[in-house]
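Asker: how would this look folded up:
(one chain, ligands or ions: 1)
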Amino acid sequence: MLNEEMMEVIEKERAYVATATPDGVPNVVPIGFIKPLDNKTVLIADSYMVKSRANLEKNPKVSFVVQDVARHPYQFKGTVEIFKDGEHFDAVVEWVKEVNPLAPKPKAAIVITITEIYSVKVGDKGKKIA
Ligand SMILES: Cc1cc2nc3c(=O)[nH]c(=O)nc-3n(C[C@H](O)[C@H](O)[C@H](O)COP(=O)(O)O)c2cc1C
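Answerer: Reported below is the predicted structural model:
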């Protein structure tokens, strides 16, 4: 699903993550703590989400692009699971602490299973990549 370039850029860059209410009101937020776990799953630290989290509790679908979308023109889509304890939760707590010991403890780990990847390159007509 995710190739090496995609995994590298998701690890390095901020992403813009869109969610939606069950009746389709969109919400997009910047997310810094986002990284791939493997070529099918991506981890987000939920430290500050409010509307995004409420949306995901009811409608577990996300779409995101990375900051430098001109160089990495991919639109990722997936389905999330929210973990408030356990292995994924412990991993985000450790990760955030390592990067910034003063940052608040995350409220949850959000694990995205990537289901589809599209090109957003100009002229590609949004073609499906995977
Ligand atoms: C540069 C930047 C990076 C951010 N990174 C994260 C993050 O890693 N995790 C998080 O929960 N919120 C992060 N936020 C906060 C969210 O973008 C947003 O403010 C929060 O989800 C509340 O918005 P919402 O109610 O629409 O969810 C970040 C904000 C900025 C400006």
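
Asker: Leaving out the residues flanking it, which one is nearest to residue 17?
Answerer: Spatial nearest neighbour of residue 17, chain neighbours left out: residue 64 (4.4 Å); criterion: CB to CB, 6 or more residues apart in numbering. (Each C-beta comes from the backbone N, C-alpha and C, glycine too.)

Asker: Show me what the biggest strand by length in the chain is packed against.
Answerer: Counting by DSSP state E, the longest strand found in the chain is strand 108-119. Contacts defined by 3 or more CB pairs under 8 Å, 6 or more residues apart in numbering; DSSP states H and E place strand 108-119 against strand 41-46, strand 74-83, helix 87-99.

Asker: As CSV, these with mean pLDDT would be great.
Answerer: Below are the helices and strands packed on strand 108-119 laid out as CSV (pLDDT from 0 to 100):
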stretch, mean pLDDT
strand 41-46, 98
strand 74-83, 98
helix 87-99, 97
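
Asker: and those, which is most packed in?
Answerer: With neighbours taken as mean count of other CB atoms under 10 Å, the helices and strands packed on strand 108-119 reach their highest mean count in strand 41-46, at a mean of 23.

Asker: What pairs with it, parallel or antiparallel?
Answerer: Note on strand 41-46: by DSSP bridges, its sheet partners are strand 34-36 (antiparallel), strand 108-119 (antiparallel).

Asker: Hey, what's the angle from that strand to helix 87-99? Just curious.
Answerer: On the basis of axes from the mean of the first three to the mean of the last three CA atoms, to 10 degrees, strand 41-46 is oriented at 60 degrees to helix 87-99.

Asker: what does strand 41-46 contact?
Answerer: Residues outside strand 41-46 that contact it (CB atoms under 8 Å, 6 or more residues apart in numbering) are 2, 10, 17, 31, 33-37, 52-53, 76, 78, 82, 88, 91-92, 95-96, 106-114.

Asker: Narrow the residues you listed to those that are buried.
Answerer: Neighbour counting with 16 or more other CB atoms under 10 Å marks 2, 10, 17, 31, 33-34, 36, 52, 76, 78, 82, 88, 91-92, 95-96, 106-112, 114 as buried within the contacts of strand 41-46.
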